[in-house]
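> next comes the sequence, and after it the predicted model I'd like to discuss.
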Amino acid sequence: MKIVIAEKPSVGRELAKVFGATTRKDGYIESKGYSFTWAFGHLLQLAPPQDYGFIGWRKQHLPMLPAKFKLAIRKIKTKDGFVEDPAVRKQLDTIKKLFDEATEIIVATDAGREGELIFRYIYYYLKCKKPFKRLWISSQTDEAIKDGFRNLKPGTDYDTLFNSAHCRSESDWLVGMNATQALSISAGNRTVLSLGRVQTPTLAMICARFLEIKTFVPQTFYQISILLIKDEQIFKAVSTSNYKNKEEAEKLFSLVEDVPSGFPTGGNITAVEAKPRKEPPPLLHDLSSLQQEANKKKGFTADQTLNLLQNLYESKLVSYPRTGSRYIGDDVFAGVPDLITKFTNHPDFGKQAQFLQTITLNKRSVNAKKVTDHHAVLPTGEEAYGLSSDKQAIYDMVVGRMIEAFHQECLKEITKITIQSGLTFIANGTVIRSAGWRSVFNETEDDKKDEDNAALPKVAVGEQLPITEKSLLEKQTKPKPMFNEASLLKALETCGKEIEDEELRYAMKDSGLGTPATRASIIETLITREYITREKRNLIPSTKGLAVYEVVKDKQIAQAELTGQWEKRLEEIRSGASVKDFKSEITEYTKMITNELLIAGASISGRLEDKKLEQA
DNA sequence: GCAAGGTC
C-alpha cells in the first residue's frame, strides 16, 4: 500500500478523486494500492520552554538554548488552559497506522518551505523510517496531478528545503521566546511583553506612523483657483504652484484677469493636451487584496474576512483562501468561460457576465509562472444560497473581481489645458470613453482628486476665455493617515520593497513581513497583547505598545530587514549552504538581544505602571 | 504566559 499525505483534507480528497479512490475512512480515503490522508496544516510545533525544564519565567534561564528541539502536538486553548488538540492527536494516530502499513510514502503537502516542514515534522515525530517520494505540483487540475504523479521526485531532493524550513522555525522560537521573556522579566514581570521577528516590526510601523502624525506640524500654503467658461460649460483650473507666503499669493492673485476685475476674456489658452489612456482590469484577488477591499468597503477586519472566506471554502463555494498569488495557470483559465456562464443570472453581475461571453477574455491574470502554492481566489461555480449578509458580501467581492479581471480595459481620455492669466493654471479632465471592467461595480476611482473635472470643453491654443471667478485658497499640509487594517496589510506586503540593501530587498521580493495565512493573526496578536487598539477603522498604539516600541525601535528585532537577512540565508541553505553557520549566528544574536533586553526593560517598568494608574 | 507558521 502506498500512502499519499496532503497538507489539508481538501487536497487529499482532490488527489483521491483523480485516482478514483472512493472508500471513505475516518481521516483518509482508500483505493486499491493507494490510501490518501492529510494533515491540518502544522500538526506539530516546537515544544514550549517548559518542556526543556525552563519552568516559570526566570532570568537565570535566559537565554534558553535547547541543545535539541522537541516536537509537541499542537495545542488549543480551553477553559482549563492549553491542551493537546484531540482532533490533531486522532489524525496523527491515523497517519501513524497508515505509515506503519505503507510500502512507500508519497509526500503531497503544498509545494513550498512550510509544506515540507509539515510533512517532515510528522515523519520524524512518528519516528518513521520508510522511504518517501515527493509530489511537486503548483496546480490542482486533474492533468497537473496526473503529471505530478508520473514525475515523483526522490524525497531526499528536498532535504535542503527542509533544512531551511527547520532553521526558520527554530530561529523564530529562539529569538521570539527569549526576547519575550527577557523584556517581560526586566520590565517587572507583571504582563506579557511579546516580541518576534514579524510582530515587532509590525508594531514599530504602527507606532512610528502614530508618532509621526502626533508631531506633525501643518504648514499653511496658498493656491489660486479659477473658473472659466466655454460654450456655457464652466470648468475649474488650479495654479501650478503653491505659495507659502500669503503676501506673494495675494500679489499674484491680483494679477489674475477675471471678469469682475474688468477683463472680459483674460484666460489665455497656451496648451491643450488630450491623451487616450488604457486602464487594464485589476488582477484577481489573493487573500491580502481581498482583506484590503473588504476593510475599505465593509469595514471587516482582516481576521473577519479570513474567517468568512474560510467558511465559503469549506462550503466549496470558493477556491483555496490563503493564497498569495493573484494569477491562475492556463489549465484553470480553460475552465473560466464555463465558470463565468454560471453567473449570467447573478443579480448584480449577470449582465456583465453575459457580456464576457461575447468577447475575448482579458488574460492579464493568467500567468502560470506567477502561481505559487495556490492560485488566485476564484468562485467554484457551485450554487450559493442562504448566505449570511457578511458572507454574501465577501462572496460577491470574489465573483465581481473575477468578472472584472477577465473584462476589457477601461478606455479614458485625459485632457490637460494650460491657461495663462498673470500666472499659470492647469485644468485636468477625464472622460471615460469605454468603461470596460469598471462597469462591473460602477464605482468612482479612489484616486480621483476634487479639483479634477469630468469632461472639459473643446478649446484651442490661442483662445481667450472669460474667467468668471477667482479664489485664493488657504490650505494646510496634512500628515500621512493613521494605519488601518487595509493600509497595514499593504505595508506588510510591500515593506520589503523599501529596504535599501539590494540583496535583502531581493530576498524579500516575494514575501514581505508574515505570510497571507498569518497576517490577520499578527494584527490580532498585537491587539491581544494590548499593544494596539482599533479606533473606528484605525489601528492606534496604546501606552504599552509605545513603551515597548521605545525600547526596541533601534534594535534589529524591530526592523523588517531582519526578515530580509533571514530569507537570504534560508535561500542559501535551500541551495545547499551550511546550516551550522546560520544556526550559530542565530544563537549569537539570541544571546545579544536577550542581554540587551534584560537591561533595557527596566526603563519602561514605570510606563506600564502609569497605564494601570490611568485606568484605576 | 511567550514566536511564526500552517489549517479545521
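Looks like it came in fine. Here the structure is a predicted model, which means the values were calculated and not measured. Residues are numbered from 1 along each chain as shown, chains lettered A, B, ... in the order given.
> what about the residue nearest to A:Leu126 when sequence neighbours are not counted, neighbour count?
Nearest residue to A:Leu126, sequence neighbours excluded (C-beta to C-beta, 6 or more residues apart in numbering): A:Lys96, at 5.1 Å. For every residue, glycine as well, the C-beta is placed using N, CA and C. Other residues near A:Lys96 come to 15 when the count uses other C-beta atoms under 10 Å.
> and the helix or strand containing A:Lys96, how far out from the chain's middle?
Using DSSP states H and E, A:Lys96 falls within helix A:86-101. Its chain's C-alpha centre lies 34 Å from the corresponding centre of helix A:86-101 when counted by C-alpha atoms, centre = their mean, to the nearest Å.
> what mean pLDDT does it have?
Here helix A:86-101 scores 96 as its mean pLDDT.
> need the residue closest to the centroid of chain A.
A:Ser288 (3.6 Å; C-alpha atoms, centre = their mean).
> quick one: which helix or strand includes that residue?
helix A:287-298.
> show me what that helix is packed up against.
helix A:302-314, helix A:389-405, helix A:485-494, helix A:519-528 (3 or more C-beta pairs under 8 Å, 6 or more residues apart in numbering; DSSP states H and E).
> buried set for the helix or strand that the longest one is followed by?
Translated: helix A:389-405. Using DSSP H and E, the helix or strand that follows helix A:389-405 in sequence is strand A:410-421. The neighbour-count check on strand A:410-421 (16 or more other C-beta atoms under 10 Å) flags A:Cys410, A:Leu411, A:Lys412, A:Thr415, A:Ile417, A:Thr418, A:Ile419, A:Ser421 as buried.
> out of those residues, who's near DNA strand B?
Counting by C-beta under 7 Å from any atom of the strand, nothing from the buried residues of strand A:410-421 sits close to DNA strand B.
> what sits closest to A:Tyr52 if chain neighbours are left out?
Using C-beta to C-beta, 6+ apart, the closest residue to A:Tyr52 is A:Pro66 (4.7 Å).
> try A:Met402
A:Leu378 (5.9 Å).
> neighbours of the one you found, how many?
23.
> which ones are touching it?
A:Leu284, A:Val318, A:Ser319, A:Ile328, A:Val332, A:Leu339, A:Val398, A:Met402 (C-beta atoms under 8 Å, 6 or more residues apart in numbering).
> point me to the residue of the stretch 301-450 of chain A nearest DNA strand B.
A:Arg322 (3.7 Å; C-beta to the nearest atom of the strand).
> you'd agree that residue is in a helix?
No - under DSSP: H, G, I helix; E, B strand; the rest coil, A:Arg322 sits outside any helix and is assigned coil.
> next, work out how far apart the residue nearest to it when sequence neighbours are not counted and DNA strand B are.
If the residues on either side of it in the chain are set aside, A:Arg322 comes closest to A:Ala517, at 4.1 Å by C-beta to C-beta, 6+ apart. To DNA strand B, A:Ala517 is 4 Å away according to C-beta to the nearest atom of the strand, to the nearest Å.
> and what of A:Met64?
Counting by C-beta to the nearest atom of the strand, the gap from A:Met64 to DNA strand B is 8 Å.
> so what pLDDT did that residue get?
Reported pLDDT for A:Met64: 97.
> where in the stretch 201-350 of chain A is pLDDT low?
In the predicted model, the stretch 201-350 of chain A carries no residue with pLDDT under 70.
> can you pull out the strands in it?
A:220-230, A:233-239, A:267-279 (DSSP state E, counting those that start in this stretch).
> do the stretch 51-200 of chain A as well
Under DSSP E, counting those that start in this stretch, the stretch 51-200 of chain A gives strands at A:71-73, A:75-78, A:81-84, A:104-108, A:132-134, A:153-154.
> what about the closest residue to A:Asp396 other than its chain neighbours, neighbour count?
Nearest non-adjacent residue to A:Asp396, counting by C-beta to C-beta, 6+ apart: A:Asp348, 6.6 Å away. Using other C-beta under 10 Å, A:Asp348 has 15 neighbouring residues.
> from A:Thr444, how far off is A:Ala455?
15 Å (C-beta to C-beta, to the nearest Å).
> more neighbours: which of those two?
For the pair A:Ala455 and A:Thr444, the greater number of neighbours falls to A:Ala455 (13 against 8), based on other C-beta under 10 Å.
> so who does that one touch?
A:Gly429, A:Val431 are the contacts of A:Ala455 under C-beta under 8 Å, 6+ apart.
> any idea which helix or strand carries it?
Per DSSP H and E, there is no helix or strand for A:Ala455.
> next, give phi and psi for it.
Phi and psi for A:Ala455, reported as degrees, to the nearest 10, are phi -100, psi 150.
> related to what we said a few turns ago, keep only those of the contacts of A:Leu378 that are in helices.
Using DSSP state H to define helices, the subset of the contacts of A:Leu378 located there is A:Val332, A:Leu339, A:Val398, A:Met402.
> so which pair among these is furthest apart in space?
A:Val332 and A:Val398 (14.4 Å; C-beta to C-beta).
> relative to its centroid, which residue of chain A is most remote?
Of all residues in chain A (C-alpha atoms, centre = their mean), A:Gly262 lies farthest out, 57.6 Å.
> picking that back up, and the gap between the residue nearest to A:Leu126 and A:Tyr125?
9 Å.
> repeat for A:Gln219
61 Å.
> for these two, indicate the residue with more neighbours.
A:Tyr125 (17 against 11).
> next, count neighbours for the residue lying closest to the more buried one once chain neighbours are set aside.
Once flanking residues are discounted, A:Tyr125 sits nearest to A:Leu71: 4.8 Å by C-beta to C-beta, 6+ apart. Look at A:Leu71: counted by other C-beta under 10 Å, it has 15 neighbours.
> tell me the buried residues in stretch A:15-34?
Applying a neighbour-count criterion of 16+ other C-beta under 10 Å, one finds A:Leu15, A:Ala16, A:Val18, A:Phe19, A:Ala21, A:Gly27, A:Tyr28, A:Ile29, A:Glu30, A:Tyr34 buried in stretch A:15-34.
> which non-adjacent residue is nearest the third one?
Just to be clear, that refers to A:Val18. A:Ile145 (4.7 Å).
> isn't the one you found up against A:Leu15?
Yes - under the criterion of C-beta atoms under 8 Å, A:Ile145 makes contact with A:Leu15 at 6.1 Å.
> now the residue in the stretch 451-600 of chain A that DNA strand B sits nearest to. Nearest residue, chain neighbours left out?
Residue nearest to DNA strand B within the stretch 451-600 of chain A: A:Thr515 (3.1 Å; C-beta to the nearest atom of the strand). Closest residue in space to A:Thr515, ignoring its immediate chain neighbours: A:Gly324 at 6.8 Å, by C-beta to C-beta, 6+ apart.
> that older thread, close enough to count as contact, the residue nearest to the centre of chain A and A:Pro516?
Yes - counting by C-beta under 8 Å, A:Ser288 touches A:Pro516, with 5.6 Å between them.
> mind listing the shared neighbours of these two?
Common neighbours of A:Ser288 and A:Pro516 (C-beta under 8 Å, 6+ apart) are A:Gly324.
> A:Gly576 sits in which helix or strand?
Counting by DSSP H and E, A:Gly576 is found in no helix or strand.
> quick one: contacts for the residue in the stretch 1-150 of chain A positioned nearest to DNA strand B?
Residue nearest to DNA strand B within the stretch 1-150 of chain A (C-beta to the nearest atom of the strand): A:Gly41, separated by 2.3 Å. Residues near A:Gly41 by C-beta under 8 Å, 6+ apart: A:Glu7, A:Lys8, A:Ile118.
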